[in-house]
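1. give me the fold of what follows.
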Amino acid sequence: MEFDFSPIAESGWFLLGGIGVTVLLSLICVAASLIVGTFAALGRVYGPTWLKIGITFYVDCMRSIPLLVVLVWLYFALPLLSGLTLPPFWSAVVAITIHVAAYVTEVVRAGIESIRPGQTRAGLALGMSRSQVIRKIILPQAMVRMLPAIGSVLSITIKDTAIASVIAVQELMKTSETVASQSYRPIEVFSFAMLVYFLLLFPTTRAIDIIYSRVAHLGRS
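-> Below you'll find the model as predicted:
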């Protein structure tokens, strides 16, 4: 069997555009998921009972429903129910964010609850408010402890952007499908896509592991 990688070179700019969309989609979803998940975790740990129940229901729902189903429902069903139509890119952003944020919520909650309660009591005894205790004592230590899990969530989020291809978002997977169908060279094209995902993810996960190894002592209490 002969391999021909010329379709990749001929469609280089088209594929590069797909890589750019993948990177942009990943950055937005990661940032939004971390923000939403952190606030949801704080609400679940420190909020009133009704808020804890609501956040718990949201987390359980997102952990029970595949991302693909959430994405398709937002893109096809939401406009029929509400009249609100989101472009494919932003449908993907919303779907991935609300799905991944549920997992971030659990990671952050676990990190917060891993800090010994005595540190909270000590901070309050020193005259600090609860918000000051959270900001200055709890979260700094919890963030260090959460780094390995957050690294896993980050890599999953980047990989999940490939699902956006089902609603025609022109990210790497969708552009690869287009080139493969036109060139009849799926092995070469999809091997290239696999290599790109590896080059995006491997340095990211290794960087997080290196950072954690250097700051792990800051999370010990």
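
2. mind listing residues that contact stretch 118-134?
-> For stretch 118-134, the external contacting residues (Cβ atoms under 8 Å, 6 or more residues apart in numbering) are 42, 46, 136-138, 141, 221. (C-beta placed from N, C-alpha, C; glycine too.)

3. out of those, which end up buried?
-> 42, 137-138, 141 (16 or more other Cβ atoms under 10 Å).

4. from those, which land in strands?
-> Per DSSP state E, strands hold no members of these.

5. list just the nearest of those to S91.
-> L42 (27.5 Å; Cβ to Cβ).

6. and the contacts of stretch 118-134 as a markdown table, adding distance to I208 and pLDDT?
-> Output for the contacts of stretch 118-134, formatted as a markdown table (distance: Cβ to Cβ, whole Å; pLDDT from 0 to 100):
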| residue | distance to I208 | pLDDT |
| --- | --- | --- |
| L42 | 22 | 94 |
| Y46 | 27 | 91 |
| K136 | 24 | 87 |
| I137 | 24 | 86 |
| I138 | 21 | 89 |
| Q141 | 17 | 87 |
| S221 | 21 | 61 |
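
7. residues near A216, how many?
-> A216: 13 surrounding residues under other Cβ atoms under 10 Å.

8. in three-state terms, how would it be classified?
-> Recorded secondary structure, A216: helix (DSSP: H, G, I helix; E, B strand; the rest coil).

9. thought it was touching V144?
-> Yes. Judged on Cβ atoms under 8 Å, A216 makes contact with V144 at a distance of 6.6 Å.

10. in the biggest helix by length in the chain, which residues are buried?
-> Determined from DSSP state H, the single longest helix within the chain is helix 12-46. By neighbour count on 16+ other Cβ under 10 Å, the buried set for helix 12-46 is 15, 18-19, 21-22, 25-26, 28-30, 32-34, 36-38, 40-45.

11. beyond it, next helix or strand please.
-> Following helix 12-46 in sequence order, the next helix or strand is helix 49-64 (DSSP states H and E).

12. how far out from the middle of the chain is the helix or strand that that following helix is followed by?
-> Note on helix 49-64: by DSSP H and E, the next helix or strand toward the C-terminus is helix 67-72. In terms of Cα atoms, centre = their mean, to the nearest Å, the centre of helix 67-72 is set 15 Å apart from its chain centre.

13. packing partners of helix 67-72?
-> helix 88-113 (3 or more Cβ pairs under 8 Å, 6 or more residues apart in numbering; DSSP states H and E).
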